[in-house]
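Novice: task: produce atomic coordinates for the following.
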Amino acid sequence: MINLFTARENRDKEKFMYDRIRRDTSRKKRQVYVIVPDQYTLEAEKQAFRYLNEACLFDIEITSLRRFGRKILNKAGLENTPVLTKDGRFMLLYKLVNQNLDQLTVFKSVADKNSYIRMLSDVISDFKQQECSPEEIMESLEATGSHPLLQGKLREVGLILNQYQEAIKGKYVDNEDYMCLYRDLAPESPVVRDSEIWFYGFDTIPPRSIETIVKMAMGADSVNIVVNDTDFDLEKILIRRIEKAAGQAGVGVFAERVGEEYQVKRSPAILRIEKNLFSNEEREPLPHGTGEGEKSIARGLHLVECANQYFEAESAAAYIKSLIRDKNFRMRDISIVSNYPEEGQSIIKRTFREYGLPLFIDERRGISDTQAAVFVTSLLEAVRGGYPTHVMLGIAGNSLSGISRDRWENLENYVRDFNIRGSMWTKPFKYGAFRYSDEEFKRLEETRSLLMDRLRPLEELADSSISSEKFIDGLVVYLGEVWHFRQNMERLINSQIENGRNEDGERNEGSYNGVLHILEQIREITGDDPLDLDGVTNMMKEGLANTDVGILPPTADGLSMGTVIRTRTGGKRAVVILGANEGVLPGEPGSEGIFSIEDKKMIRDCGFSLGGLDEIKQLEERAALYRAVSKPEEELYISWSLASADGGDSRASSVVDQIRELFPGIKTERDPVQKGFSMELVAGEEEALRHMLNNLKQRPSEKAISENEMDAGDHDLLLHQVMAWFSENRPELMERVMKTVEDDNSREPVGREMAKRLFAKGEDFSFSASRLDKYFSCPFAHFVGYGLRPMEEQEFKSAGREIGDVYHKCIMAVSRELMDRKLHKDSAEGCGSGPYEEKEELEDLVDSQLDKLAGEYKGGLFISGGREKYRMDRIRQVCIKAVEAIGKQLEEGAVTEAFFEEKFGRGCRFQPVIFTLDGQKVYIEGTIDRIDVLDGRNVRIIDYKTGRDHLDLNNMRQGYKLQLMVYMESASGAGAGDSSDKANFQPAGMFYFNIADQQVSATGKDSQKEIEKADSKRFRLQGAYVDQEGIPEMMPREALDKTSAGLTREDFSTLERDVRKEMEKISQGIVSGRIDITPFYLDKNTDGCSFCNYRTICRFQKTNRGNSYRILKKPDKNTKAKKEDKK
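Specialist: Below is the predicted model of the structure:
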């Protein structure tokens, strides 16, 4: 006998069920089984204890249908029946699809996608659950007409399905066939015989499960099904199917409605929603009365419109906090429902945690990103893929590797910096000796060697295994012996549990078992097949991607959140629903899958229930929503967001409009963040601080205050009370808050003492010219770069800095050789000189230097790969052209002596630039790229730049790019004060010599001339010179063109004085410890923030108090120095 008990959500169906169980078992002793959906077993046990009022359950077992079936098989001695699990099916289907690629046409283009395997698995499950086959549908389609595309799909699905069935035949059963095993055994099983079996919590039951229930009824004392009565006719579909199957088996069916004595106690609002929200009948009118009466009936019902998902989460957290604080709710009295995907769930969980509300997400967790899963797949990928760098670092950084965190981080930095990849892992590290000490380099090599020593046995196993079965067996042993897989997993799990991370511990435990299970499934599926390491690795990934584990809530009195379809709860005082947005609640059906909507319609028209599954799922979703909004006894909170997670527009669900129609007088609330500062947001120190800060920075409007039903005085009173609390209990924090409120982003000077500790060398300050430029660019950037000294990440590849270094080193060395040869010729010939070196000689000199640099620079950077070798070839071409130009400069000018990369400073040939600031000595020291002595009395400064620098005298006068003048001060001796060691030269000129690779657009027969012309413009001197006393005649012709400025001796001296004042001003700023956030500004493309690495630290904004640009003045055209026109 099958008894059907129907009831809506306004009846306490569980109380009815357990009353019947208590009555029947007291009359006749028998075993009772209550079968519920998998995800409801834990909650169902709680409800059983509650309604039976027993300390423990005797003769009553709460179970799922699958576990009940396993009990039947155990009694029959079939407990060891091998089962192909869901992940095993995925792996088998992956193998079969790849074996049949040549026979696929419709799905050939997507056959290698994980999503296709998932859809194929789902449709195979649907075929089995609905007791039909592709061939049956195809026969019906042939009778109704031609549907070639659908028939093609069915043919290919049938092909894989038939091969799938053949592959598992006699070896194991899948989840659907597993049911057939215990279905046929049910009537005679001692488990079923004379038992009382109850089914509760099912909105729908598939045909194959209904057949199993009918079989149970043939042997059980009674089978009782509590049917959920809704407004969607799901119960009619279910009852019709049960009656049909029972009638065919000769089993009687009795139907009964649960009586009014089981009417639940609910607030008026919830009772009205339960009865009318989804009803197709005329809605029950509201009680007659005043508007206050309408408000009274809606008491406990909250509709909340939120600006975004972050505010929505915060609004719900504040609401739950108020229930606990003000109405004595326990966390277990509250059920939270949300259909938001993972991103939205993480926002909710993170926000609740900030409010001191630990939230458990009730869902099965994937394992593909767990330590065990990543570790094993990484090992396989390392061996099959030639040691990809990201895989090797993944192994080293995994908790199961046994490699300490500091060793892994050092290895990661080294590998990234020096671009270690592929076969380079198999050889001792050779790059980086210039950066690491011997001990550090030894530890790096030990880590590399450890990894390779442990990977080598796996590589040998793969090479020696003749079958997948042998390889998998060896892999399991290898994991245990080489990596101590189980012990390390136990250590990780215990550590997580001890630190209160129970969910992570449970998930990792499930993943460990899952990994071993998947390996066993691969072993069974592949058997004696020849080892295909790519295939095994991909099957492993497929299996892991489709394996999940269940996690138990960490506490009985806690908050839990699940989707509307998954959430099954007993009576709750409050239900909180988040994400009541269109398309989210109720959820829309997923993607079309294997069959399109039109395909399913044709299948349904042929009389197969398979075609109507989407409609059934939609009805299940709506039935679950009906259950959720009907459950609470006192409070129902529904919120939605006006913006999606990605910032797009979103709108409320149609369900919200339906509720508004039921309660015309209900007022839609706004989230508390929009309403302004209120008690709802003062839930804890962290939240109160954040909202106080936000409201101090931007006070809410008067309209917002009135909508919150708080006057301005109330709002300010609360704000001042919170501020007073922080001022008394957290004064330092409050001081920082007030500074932030004022948007004061200025930086106070660090003071002379701290400046000395940060910037001085010993008792004195010593700066380079580039440091002066850095400070001028932005004092705060100088403080971070030279005071805090953050370490920059450097990859082992050539970029602008590395290429510039090689340009400089090569050109300097060759230039020095050219000058030595010139001096030798001048000495031999008495006066004058011959032509500069032939191009072939220059090329040999450049090649010799670059060959030496390629092997030495940063441990061989420019010979580490094909890309770097190509760049070195480009560097060679540029260097050859540059030294040609330099050779001409040395020959054409009256250069009697030249110094390359010449240091200037204390104890050097050229003295430092010296200032005395408040009794404190400051030395400007460094290296000058090139100093040319002209005719023994005058000096020319040349600074090599790997860019397109241009000397602007107006900018230099204001302190911008004053390096050339610093070098001139030292070389001429003007900067050394009264030192007796200072040089005694007159300034002749200062120039930039730009060195850079650039593209030249040239076509046609004159292209070579165009290239030569472009090169002649590129490799030339640009700057300023003294335009009198015969100085121009000592300069190369290129230095006298319109791009350079000719100055009188008096003008040049004035420029020297002006720039020296700026040097002193900058030095004074450093010594006094000023670190203002005041970058310079020249134009929209050039300012102190351009290319700055520290913008996220300073947070410079022109609108912030204490932040401003130092704008360089434009030159006065009337006083601008002009070059004389020489004809």
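Novice: what helix or strand is residue 337 located in?
Specialist: Here residue 337, judged by DSSP states H and E, is contained in strand 334-338.
Novice: check which helices and strands that strand sits against.
Specialist: helix 309-326, helix 342-354, strand 559-562, strand 572-578 (3 or more C-beta pairs under 8 Å, 6 or more residues apart in numbering; DSSP states H and E). C-beta coordinates here come from the backbone N, C-alpha and C atoms, glycine included.
Novice: same list (those) but as JSON lines, adding mean neighbour count, mean pLDDT and distance to residue 79.
Specialist: Formatted as JSON lines, the helices and strands packed on strand 334-338 follow (neighbours: other C-beta atoms under 10 Å; pLDDT from 0 to 100; distance: least, C-beta to C-beta, whole Å):
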{"stretch": "helix 309-326", "mean neighbour count": "22", "mean pLDDT": "91", "distance to residue 79": "45"}
{"stretch": "helix 342-354", "mean neighbour count": "17", "mean pLDDT": "90", "distance to residue 79": "37"}
{"stretch": "strand 559-562", "mean neighbour count": "21", "mean pLDDT": "91", "distance to residue 79": "32"}
{"stretch": "strand 572-578", "mean neighbour count": "23", "mean pLDDT": "94", "distance to residue 79": "38"}
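Novice: quick one: closest of these to residue 546.
Specialist: Taking C-beta to C-beta, helix 342-354 is the member of the helices and strands packed on strand 334-338 nearest to residue 546, at 16.4 Å.
Novice: count of residues packed around residue 414?
Specialist: Neighbour count for residue 414, taken as other C-beta atoms under 10 Å: 22.
Novice: did I read that right, it in a helix?
Specialist: Yes. According to DSSP: H, G, I helix; E, B strand; the rest coil, residue 414 belongs to a helix.
Novice: what about it, distance to residue 857?
Specialist: To residue 857, residue 414 is 18 Å away according to C-beta to C-beta, to the nearest Å.
Novice: burial of residue 480, as a residue count?
Specialist: Neighbours of residue 480 (other C-beta under 10 Å): 12.
Novice: isn't residue 688 right next to residue 719, touching?
Specialist: No. Counting by C-beta atoms under 8 Å, residue 719 is not a contact partner of residue 688; they are 10.3 Å apart.
Novice: what is the neighbour count of residue 784?
Specialist: 17.
Novice: need phi/psi at it.
Specialist: phi -70, psi -50 (degrees, to the nearest 10).
Novice: return the residues in contact with the closest residue to it other than its chain neighbours.
Specialist: Once flanking residues are discounted, residue 784 sits nearest to residue 1094: 4.7 Å by C-beta to C-beta, 6 or more residues apart in numbering. Residues counted as contacts of residue 1094 (C-beta atoms under 8 Å, 6 or more residues apart in numbering) are 780-781, 784-785, 790.
Novice: name the member of those residues with the most neighbours.
Specialist: Counting neighbours by other C-beta under 10 Å, residue 780 leads the contacts of residue 1094 with 26 neighbours.
Novice: OK, contacts around that residue?
Specialist: For residue 780, the contacting residues are 747, 1075-1078, 1094, 1098, by C-beta under 8 Å, 6+ apart.
Novice: also residue 51?
Specialist: Each residue near residue 51 by C-beta under 8 Å, 6+ apart is listed here: 14-15, 18-19.
Novice: just the residues you listed now: which is nearest residue 869?
Specialist: For these, the nearest to residue 869 is residue 14 (76.4 Å; C-beta to C-beta).
Novice: element containing the closest residue to that closest one other than its chain neighbours, please.
Specialist: In space, and not counting its chain neighbours, residue 14 is closest to residue 47: 5.2 Å by C-beta to C-beta, 6+ apart. Using DSSP H and E, residue 47 sits within helix 41-52.
Novice: how far is the helix or strand just after that helix from where the chain is centred?
Specialist: Counting by DSSP H and E, the element after helix 41-52 in chain order, helix or strand, is strand 60-63. Distance of strand 60-63 from its chain centroid, counting by C-alpha atoms, centre = their mean, to the nearest Å, is 44 Å.
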